[in-house]
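S.K.: Have a look; sequence and predicted model below, questions after that.
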Number of protein chains: 2
Amino acid sequence: MTWCYIGTLCHTPTLGTLELLNDHALLVDDNGFITGVYDADDDAVEDFRLTHPDSVTVFLPSHFLLPTFVDLHLHAPQYTYLGTGLHLPLMQWLDEFAYKSEEMLDADPALARTVYSTLARRLIEYGTGAALLFGTIKEETNIILADVFQNAGLRACVGKLQMDISSRPTYVEPSTQASIAAARSFITRCRALVADLPPHARLVQPVITPRFVPTCSDELLTALGELAAETGVMVQSHLAEAHDQVKWVQATRRKDDMDVFDEAHCTFLTHDELRRMAAYGSKVAHCPLSNAYFSAEPFPLREALELGVEVGLGSDCAGGYTLDIMNAMRHTVAMSRTREGRRTMQRERNAAHPRVTPLSVDWKDALYLATRGGSVALGLASGVFAVGAPFDAQCIQVTDDEGRGVGALDFFVPVPDQLDEATLEKWWCLGDQRNRTGMWVQGKKLL
Amino acid sequence: MTWCYIGTLCHTPTLGTLELLNDHALLVDDNGFITGVYDADDDAVEDFRLTHPDSVTVFLPSHFLLPTFVDLHLHAPQYTYLGTGLHLPLMQWLDEFAYKSEEMLDADPALARTVYSTLARRLIEYGTGAALLFGTIKEETNIILADVFQNAGLRACVGKLQMDISSRPTYVEPSTQASIAAARSFITRCRALVADLPPHARLVQPVITPRFVPTCSDELLTALGELAAETGVMVQSHLAEAHDQVKWVQATRRKDDMDVFDEAHCTFLTHDELRRMAAYGSKVAHCPLSNAYFSAEPFPLREALELGVEVGLGSDCAGGYTLDIMNAMRHTVAMSRTREGRRTMQRERNAAHPRVTPLSVDWKDALYLATRGGSVALGLASGVFAVGAPFDAQCIQVTDDEGRGVGALDFFVPVPDQLDEATLEKWWCLGDQRNRTGMWVQGKKLL
């Protein structure tokens, strides 16, 4: 069985490239992979329409298809208290809010299932089709998380937290050895959860997740590195996020985060450290909202991109107060323009700032980071409309049948028959859930 | 006739003070003024409920009343292209988008009425009860703007733009004398529009509005100053907003904006200039989103507040891409925390930064700026629930009848019977139009 979707496609195959393809068609096989990208009037599409009229979906020019968003950094158990307690410095906030919430879910599997199911439903509303998740320390709770996301039809990399050291005595793994054993066991069980499914239907996978340097002994970090090499499982963590965290690591280990290991935030990295990350193939989850709250330094986004570091966006729930990756895109641009302003002024005042090209990114760059950038960082083939890629898409409606804007969008001069970049930019600035009328992951309709 | 509203009240009478008054009652007279603020079980309330049962509205504990938002800086004609064209530097953006849109409305009164009516409806959806507006240069179009807002039931200070100099030959007033005459005529006509109404029902007023230094001759600025003194009309403008604008003024006038006159943005002000503003009684519209886009420097918010400068928030439509003052509040906090991070790092690196106290503001401070701060800046009695203040309020619902969160809000532990600060903060972070179930200005229900 093959399906055909006809309408306007919008994607960002590479950083700096926005393709707006009006009157195009995608053919999608029964496994959810794109098998053809055509002009709508191509003979192949005409033939398909004649032979399979019931498998064709035609979107009006007031709609467009966009790859789903990828959330590269989300603490699933922290969804319980999203949007509260943001007044504290990071290390104190962790103890009073984050650890406490994680501990609560580890103690109550039914509550964990409720929270994770609500989270998955909300992600679908926000157009997020894949997420790199931090879970909790208890193996069983992370299996619940993986199970919920697999059943919700969302891609998820699930990270059982490793924490053999903790500032909160009630929330810590019993020993280094127990932590290592649980990491191995979780990988086996998470993989077993989807082992009977065909490869394309396996939406969840385990990720080795040392929380961050302050909560992991050197012995644990070494063992987890070996486990990653042995199992081929990706590793995620926090790197050089907040000033108080970086200072703590320097004080206790006499070295920087970067020298302990090499992933999310990375706001305190030097040019050389970014270069090392690029060479190692490390990826960065840029979380501009939580950075504004918890990092004294903004992430050097443009510099990282220029050095070839693979970057995507993260909500950082609950350090960031919304799951909406559109919010992360908007803060990414605003933050980058603030950095660019600072560069301009520094150059003007003392000519000491060596850089001559702008540090800012625009909405198209942000769209790349939110879609293809995140997919590339996770090693996924999604985030682009191309043959062989899975059909992971969201449908956005900008005007209704009478040409009136949908949601917060208003138009006063006639909207062109063919969607244009100005209308896309308006959606980027003002769009919300009201504009999202459909979503698919691996060809399956979730919304 | 008197009305009684019973439920939870939330307001910020002063900067740094959040009052959350559960089980309270407001009495509101037929002119829309608050005549009493009571505990709900006060005898006066009991008496009123017995004698006027049909005039009582009781809100469930899942709702709260908050003063309406004030938007201190909004270019009404630029609503036509909100959320487009934000890639250009300010002076170029003005010519390619702003001036062009204003010119279009000045040429088409019917379109102007449509745009302004849509704008007014959207502001009500966003909870904005009062706005300080920039219009266009044509007198008649500004009368339409005033008329639309008066009829919509919204408070508006309407500014006919003064521009006897312009970089766009097709969008400029014919002469300095014509500009001065039109300013005077607009004040007379705008006042005449509401002269037959009782004072409390006069929702619109004129504001003298030299666009900014680059578009006004010294002769015009002098004459407008005299007109302000003669008529008692407030003056609004842009001051020290963007780097390219400031440089232009310095190059052409050989002095700073501040030395030419003294209002919105003010991102390029020194400590001494802020002190002068405080002494002059000048007010600032802080527009964090458009500042991130167009100002190379962030506004020194905390410093201005400490010096006693009256500050409110502005959307700066269309330099900012949304009318939602909740967005302005969120960017205000994020921007202030970014500045605080920079201060922390500067102090650590070279101890050259003299300041020891934080530059950040929190969500409660932002709520003050968005409500009472804006009202104070406009000389309005609104923005607070107090005897003598007009009943300008919005009703926010956080949970539904089954205790489920409304809109983007989710709760996993029971929400307390009495609204608490944690729930308010969650709304502040995540709330949107779906949470807004009512709005009143001067006692009249608009939503």
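M.R.: Happy to help now that I have it.

S.K.: Only C-alpha atoms from now on, for both contacts and neighbour counts.
M.R.: Fine.

S.K.: which SS state does the closest residue to chain B within the stretch 301-447 of chain A fall under?
M.R.: Closest to chain B within the stretch 301-447 of chain A is A:Gly341: 3.6 Å, counting by C-alpha to the nearest C-alpha. Per DSSP: H, G, I helix; E, B strand; the rest coil, the secondary structure class of A:Gly341 is helix.

S.K.: Spit out the contact partners of the nearest residue to it once chain neighbours are set aside.
M.R.: In space, and not counting its chain neighbours, A:Gly341 is closest to B:Ala296: 3.6 Å by C-alpha to C-alpha, 6 or more residues apart in numbering or on different chains. Shown in contact with B:Ala296 (C-alpha atoms under 8 Å, 6 or more residues apart in numbering or on different chains): A:Thr338, A:Glu340, A:Gly341, A:Arg342, A:Thr344, A:Met345, B:Ala242, B:His243.

S.K.: Please name the bridge partners of the residue lying closest to A:Pro206 once chain neighbours are set aside.
M.R.: Among residues not flanking A:Pro206 along the chain, A:Val158 sits closest, at 4.9 Å (C-alpha to C-alpha, 6+ apart). Beta-bridge pairing for A:Val158 (DSSP bridges): A:Leu133, A:Pro206.

S.K.: Quick check, A:Val158 in contact with A:Ala130.
M.R.: No: using C-alpha atoms under 8 Å, A:Val158 is not in contact with A:Ala130, being 10.8 Å away.

S.K.: Which residue ranges of the stretch 301-447 of chain A form strands?
M.R.: A:310-313, A:393-397, A:436-441, A:444-445 (DSSP state E, counting those that start in this stretch).

S.K.: buried residues in the longest one?
M.R.: I take that to be strand A:436-441. Across strand A:436-441, burial judged by 16 or more other C-alpha atoms under 10 Å in any protein chain shown covers A:Arg436, A:Gly438, A:Met439, A:Trp440, A:Val441.

S.K.: how many other residues sit next to the closest residue to A:Val204 other than its chain neighbours?
M.R.: Leaving aside its sequence neighbours, A:Val204 sits nearest to A:Ala156 (C-alpha to C-alpha, 6+ apart; 4.8 Å). A:Ala156: 27 surrounding residues under other C-alpha atoms under 10 Å in any protein chain shown.

S.K.: and the host helix or strand of A:Ala156, what other elements does it pack with?
M.R.: In the assignment (DSSP states H and E), A:Ala156 maps to strand A:155-162. Judged by 3 or more C-alpha pairs under 8 Å, 6 or more residues apart in numbering or on different chains; DSSP states H and E, strand A:155-162 is in contact with strand A:128-134, helix A:139-152, helix A:176-194, strand A:204-210.

S.K.: how about these, which one is nearest B:Ala107?
M.R.: Closest approach to B:Ala107 among those is made by strand A:128-134 (44.0 Å; C-alpha to C-alpha).

S.K.: and the closest one, what other elements does it pack with?
M.R.: By 3+ C-alpha pairs under 8 Å, 6+ apart, strand A:128-134 packs against strand A:69-75, strand A:155-162.

S.K.: switch to 10 Å and redo it
M.R.: strand A:69-75, helix A:109-125, helix A:139-152, strand A:155-162, strand A:204-210, helix A:374-377, strand A:393-397, strand A:436-441 (3 or more C-alpha pairs under 10 Å, 6 or more residues apart in numbering or on different chains; DSSP states H and E).

S.K.: one step back: can I assume the residue of the stretch 301-447 of chain A closest to chain B is in contact with B:His243?
M.R.: Yes: applying C-alpha atoms under 10 Å, one finds A:Gly341 in contact with B:His243, separated by 8.8 Å.

S.K.: Overlap of the contact sets of the two?
M.R.: Common neighbours of A:Gly341 and B:His243 (criterion: C-alpha atoms under 10 Å, 6 or more residues apart in numbering or on different chains): B:Phe294, B:Ser295, B:Ala296, B:Glu297.

S.K.: So which of those are in helices?
M.R.: Residues of these located in helices (DSSP state H): B:Phe294.

S.K.: for the shared contacts of A:Gly341 and B:His243, which one is nearest chain A?
M.R.: Nearest member of the shared contacts of A:Gly341 and B:His243 to chain A, counting by C-alpha to the nearest C-alpha, is B:Ala296, at 3.6 Å.

S.K.: so how many other residues sit close to the residue of the stretch 301-447 of chain A closest to chain B?
M.R.: A:Gly341, neighbours per other C-alpha under 10 Å, totals 25.

S.K.: same thing with A:Leu220?
M.R.: Residues near A:Leu220, counting by other C-alpha under 10 Å: 22.

S.K.: element containing it, please.
M.R.: A:Leu220 belongs to helix A:218-231 when assigned by DSSP H and E.

S.K.: A:Arg121 contacts A:Leu323, correct?
M.R.: No: contact criterion C-alpha under 10 Å: A:Arg121 and A:Leu323 do not qualify, at 11.3 Å.

S.K.: which residues do those two both contact?
M.R.: Looking at what touches both A:Arg121 and A:Leu323 (by C-alpha under 10 Å, 6+ apart), the common residues are A:Thr128.

S.K.: For A:Lys255, give me the pLDDT.
M.R.: Note on A:Lys255: pLDDT of 66.

S.K.: let me redo that: A:Arg434
M.R.: Model confidence at A:Arg434, expressed as pLDDT, equals 98.

S.K.: One more: the one 10 residues further on?
M.R.: At A:Lys444, the model reports a pLDDT of 98.

S.K.: ok, and the closest non-adjacent residue to it?
M.R.: A:Gly32 (6.9 Å).
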